[in-house]
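Trainee: Let me see the structure of the following:
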Amino acid sequence: MTSLRKNLAVLLLFLSASPFLHSHLSSHAASTLPPATRPRIIFMDDLSSDNYEDDYIDNDNNSFPPEVLHAVQTTVLQQNPQLCQHSPCLENQEPCKLISKRTGCLCPGVSGADEPPHAPRIHMLQPISEGDNRGKIEVQWCAPSSVVSVYNVLIEGSEVLEFQEVSRRGLIGSLEVGTKVCVEAVNSAGHSVPSDFSCTRYNPPEFSDHKLFAGVIGGGVALLLLLIIAAVILWKHQLRKKAKRDSADGLGNPSYSTEGTL
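Mentor: Model (predicted):
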């Protein structure tokens with residue numbers, strides 16, 4: 001009995017004196033227990049705050065959440081697009097592409113050189129009344145929204161006149177009233193199709209040179225007639241005055257004398 005007690009005492013002393021065995025038993029006991037979980041507490045004071053990561057801490061490993069990149073909102077002011085100051089009816093202008101590149105304006109849509117151009121628009125047929133080109137007709141047109149190489153002016157029953165791509169006017173010979181004139185655009189893909197606005201008939205203005213000349217002649221004749229009538233009236237008036245003066249004086253009596261009777 002005494003020996004048994006001694007053996008138990010020695011065993012207890014050995015167990016208490018062995019730290020390695022104690023740590024092994026403790027780790028084994030800890031591994032058999034279920035892991036302790038801690039609830040995650042999230043503090044949300046202000047959603048618009050940029051420092052919310054200070055309120056979000058992982059209690060398990062004391063680490064911060066991954067950094068969140070905020071999108072920067074940029075306000076873009078949209079302005080109304082402005083068209084370039086480029087008239088299709090004026091010649092020798094700066095190309096619209098260069099104006100757009102310099103000012104940022106918008107050019108009208110233009111069809112490419114790989115398709116026939118649209119028809120130009122005739123602006124007017126105007127007779128020249130003075131200068132070296134007196135008696136000729138000036139054709140004015142507006143360019144289409146297309147790539148153009150040359151312009152052709154077609155005169156009914158006459159020749160075809162060719163003008164450069166930058167031209168918007170041209171001189172042709174005298175025309176009879178009612179003559180049809182057309183302007184067509186030409187490029188490497190073909191030519192434009194005649195239309196109601198690319199063709200017109202020559203109708204001279206009402207106040208042409210002939211009518212003005214006739215008016216001047218008529219006015220001169222009328223003025224001459226008025227002068228003749230006025231001269232006749234004045235002549236007759238002078239004749240009446242003379243007749244009255246003669247009748248007032250009367251005829252002299254030869255038997256009458258201031259000195260007495262003869």
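
Trainee: From now on I want contacts and neighbour counts done on CA atoms only, so please keep to that.
Mentor: Noted.

Trainee: ranges for the helices of the stretch 51-200 of the chain?
Mentor: 96-103 (DSSP state H, counting those that start in this stretch).

Trainee: Show me the strands in the chain, by range?
Mentor: For the chain, the strands defined by DSSP state E occupy 121-127, 137-142, 150-155, 160-164, 169-172, 180-187, 190-191, 199-201.

Trainee: Next, the angle strand 121-127 makes with the second one.
Mentor: Between strand 137-142 and strand 121-127, the angle formed by their directions is 160 degrees, by axes from the mean of the first three to the mean of the last three C-alpha atoms, to 10 degrees.

Trainee: and strand 137-142, which strands flank it?
Mentor: Paired neighbours of strand 137-142 in the sheet (DSSP bridges): strand 121-127 (antiparallel), strand 169-172 (antiparallel).

Trainee: how many degrees apart are it and strand 150-155 in direction?
Mentor: 130 degrees.

Trainee: Restricting to C-alpha, output strand 137-142 in PDB.
Mentor: Presented in PDB, the C-alpha positions along strand 137-142 are these (Å, rounded to 0.1, in the frame of the first residue of the first chain):
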ATOM      1  CA  ILE A 137     -25.300  87.500-119.300                       C
ATOM      2  CA  GLU A 138     -23.800  86.600-115.900                       C
ATOM      3  CA  VAL A 139     -24.800  83.200-114.500                       C
ATOM      4  CA  GLN A 140     -24.600  82.900-110.700                       C
ATOM      5  CA  TRP A 141     -25.000  79.500-108.800                       C
ATOM      6  CA  CYS A 142     -24.500  77.900-105.300                       C
END
